[in-house]
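1. Sequence first, then the predicted structure, then my questions.
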Amino acid sequence: MKHCLIVDDSRVVRTVAGRIVKDLSFTVSEAAHGAEALELCRKDMPDAILLDWNMPVMNGLDFLRALRREDRGKEPVVVFCTNENDSEHISEAIRAGANEYIMKPFDAEIVESKFAEVGLV
Amino acid sequence: MQESTFNELADLALRTTGQHIPASKSYLMEARLSNISRRESFATLDDLVHCLQARPNPRFEQEIAAALTSKRTHFFREREQLAQIVGNALPHRLKQSKNGRLRVWCAGVSTGQEVWSLAMRLREEVGSPLANADIELIGTDISAVCIETASQGTYGHFEVQKGLSIHRLMTNFTRESSGDWTINKDLRDSVTFRRHNLLHPAQDLGAFDLIICTHVISDLAKSAQSEVLTHLSRQLLPGGYLFAAPSEQIEGINPIIKPSREMRGAFERDASARSTSAA
């Protein structure tokens, strides 16, 4: 079973996204900000990361840049999931190493479609 | 909704578009006619039908019948089929073409995502023989509202996130201040849209190397399926292909269309067969 880490400072979003991702046959872990996510990744690198942009302590973009600098032999698929829906933010995320991008609000069909784009389902 | 209202609307759909709406799907009528009903200030569909009966209005009937057709679609809906079309069917036709021109008709495109997906895939064919081909893409639908949406190429937040990768979105679309996304002009100019009822002959559209008609025929009544296949087959150039959705059962509806031996998933015109529907 694949493992997805959901990184979002909103408990509601983590719960909703978690249910959707579990329905896609993933095991799920959660982090409320980038620093917590980075710590979890160092212990157990997930297959996929669903990543918010604006979070306290460490935002999603800084987390992604730090993650891509790590060399742990396994590169997780990172799917941004954020309210930052303009072209500039999307381009910046792709340059930083994001594999896909979900613009909030989202539904189960969007998550499945985006996961399919990057070969997760 | 009264049973007589359902029967009246189902009959209108069958007569005008060939669509078969079973009683078990009467809820679809409520959903698909809600905009028209609200715009015309009818409290119920019963009122709408009473009005049509009292004051027949062919143009309004056409609009209602078009609204009753399925609009369900999304980008890259038939991904494997698209790969077959771009990877095999079109290159095969191009080899047979004397002038490097190909004509493709996407029939019943609803709001256009299917034909835009093909247009995007063709843009990605850098370095392949298709890159230098002159490929004319035509999309048709019975609904004027759908054709307007398709030709504007503007889609909402949810629509552009279903079937479309972020790379394709960023390459082919521009974000509007409203939050919607519009297909870039150079791509938009590569497709022509026209209103067309598949129950009618299509000579004015000309002949095609490829006709793609997916998720349309299975919604039609048996007699309409045969008639539509007759009209489509007549617009196929010799050796041209018809593609329906892989999930649709096309074989056996009309002997004028038979599965292609050389092109997986495609149908072709059987010149020796007689059509089962009227001319």
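-> That came in fine, so what should we check first?
2. So which bits of chain A are right by chain B?
-> A:85-87, A:90-91, A:94, A:98, A:100-103, A:105-107, A:109-110, A:113-114, A:117 (Cβ under 8 Å from any Cβ of the partner chain). All C-beta spots, glycine's among them, are computed from the backbone N, C-alpha and C.
3. can you rerun that using 6 Å?
-> A:S87, A:E100, A:Y101, A:E109, A:I110, A:S113, A:E117 (Cβ under 6 Å from any Cβ of the partner chain).
4. Of the residues you listed, which is the most crowded?
-> A:Y101 (27 neighbours; other Cβ atoms under 10 Å in any protein chain shown).
5. which residues touch that one?
-> A:F80, A:I90, A:A93, B:I166 (Cβ atoms under 6 Å, 6 or more residues apart in numbering or on different chains).
6. just to revisit the earlier point, mark which of the residues of chain A next to chain B are part of strands, please.
-> Here DSSP state E is the test, and these give A:E100, A:Y101 as lying in strands.
7. Now the two most distant members of the residues of chain A next to chain B.
-> A:S87 and A:E109 (23.1 Å; Cβ to Cβ).
8. how about a markdown table for the contacts of A:Y101, with neighbour count, pLDDT and distance to B:L220 added?
-> Below are these laid out as a markdown table (neighbours: other Cβ atoms under 10 Å in any protein chain shown; pLDDT from 0 to 100; distance: Cβ to Cβ, whole Å):
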| residue | neighbour count | pLDDT | distance to B:L220 |
| --- | --- | --- | --- |
| A:F80 | 29 | 98 | 42 |
| A:I90 | 21 | 97 | 41 |
| A:A93 | 24 | 98 | 44 |
| B:I166 | 24 | 98 | 36 |
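9. now, among the residues of chain A next to chain B, which is nearest to A:K74?
-> A:E100 (17.8 Å).
10. and the longest helix for chain A?
-> helix A:11-23 (DSSP state H).
11. Please export the C-alpha coordinates of that helix as PDB.
-> Extracted in PDB, the C-alpha atoms of helix A:11-23 (Å, rounded to 0.1, in the frame of the first residue of the first chain):
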ATOM      1  CA  ARG A  11      -7.300  20.200  10.400                       C
ATOM      2  CA  VAL A  12     -10.500  20.200   8.200                       C
ATOM      3  CA  VAL A  13      -8.500  20.000   5.000                       C
ATOM      4  CA  ARG A  14      -6.300  17.300   6.400                       C
ATOM      5  CA  THR A  15      -9.400  15.300   7.300                       C
ATOM      6  CA  VAL A  16     -11.200  15.700   4.000                       C
ATOM      7  CA  ALA A  17      -8.100  15.100   1.900                       C
ATOM      8  CA  GLY A  18      -7.200  12.100   4.100                       C
ATOM      9  CA  ARG A  19     -10.600  10.500   3.400                       C
ATOM     10  CA  ILE A  20     -10.200  11.000  -0.300                       C
ATOM     11  CA  VAL A  21      -6.700   9.700  -0.400                       C
ATOM     12  CA  LYS A  22      -7.600   6.600   1.800                       C
ATOM     13  CA  ASP A  23     -10.300   5.800  -0.800                       C
END
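12. Quick one: end-to-end distance for stretch B:153-162.
-> Length of stretch B:153-162, first residue to last, Cα to Cα, to the nearest Å: 15 Å.
13. So which residues make contact with that stretch?
-> Against stretch B:153-162 from outside (Cβ under 6 Å, 6+ apart): A:E109, A:I110, A:S113, B:H74, B:L169, B:G179, B:D180, B:W181, B:T182, B:I183, B:R188.
14. about what we covered before: only the buried residues of the longest helix of chain A, if you could.
-> For helix A:11-23, the neighbour count (16 or more other Cβ atoms under 10 Å in any protein chain shown) marks A:V13, A:R14, A:V16, A:A17, A:G18, A:I20, A:V21 as buried.
15. for those residues, which one is nearest B:R15?
-> Distances from B:R15 to those, taken by Cβ to Cβ, are shortest for A:I20, at 42.8 Å.
16. list the contacts for that closest one?
-> Contacts of A:I20 by Cβ under 6 Å, 6+ apart are A:A108, A:V111.
17. count of neighbours near the closest residue to chain A within the stretch 1-150 of chain B?
-> At 8.0 Å from chain A, B:H74 is the closest residue in the stretch 1-150 of chain B, using Cβ to the nearest Cβ. A total of 20 residues lie near B:H74 under the criterion other Cβ under 10 Å.
18. So it sits against B:L164, correct?
-> No. B:H74 is beyond contact range of B:L164, at 8.1 Å (criterion: Cβ atoms under 6 Å).
19. from memory B:H215 sits against B:A245, does it?
-> Yes. Taking contacts as Cβ under 6 Å, B:H215 lies within contact range of B:A245: 5.0 Å.
20. that older thread, and the longest helix of chain A, what's its mean pLDDT?
-> Helix A:11-23 shows a mean pLDDT of 98.
21. same thing with stretch A:35-44?
-> 96.
22. so how far is that stretch from its chain's centroid?
-> 13 Å (Cα atoms, centre = their mean, to the nearest Å).
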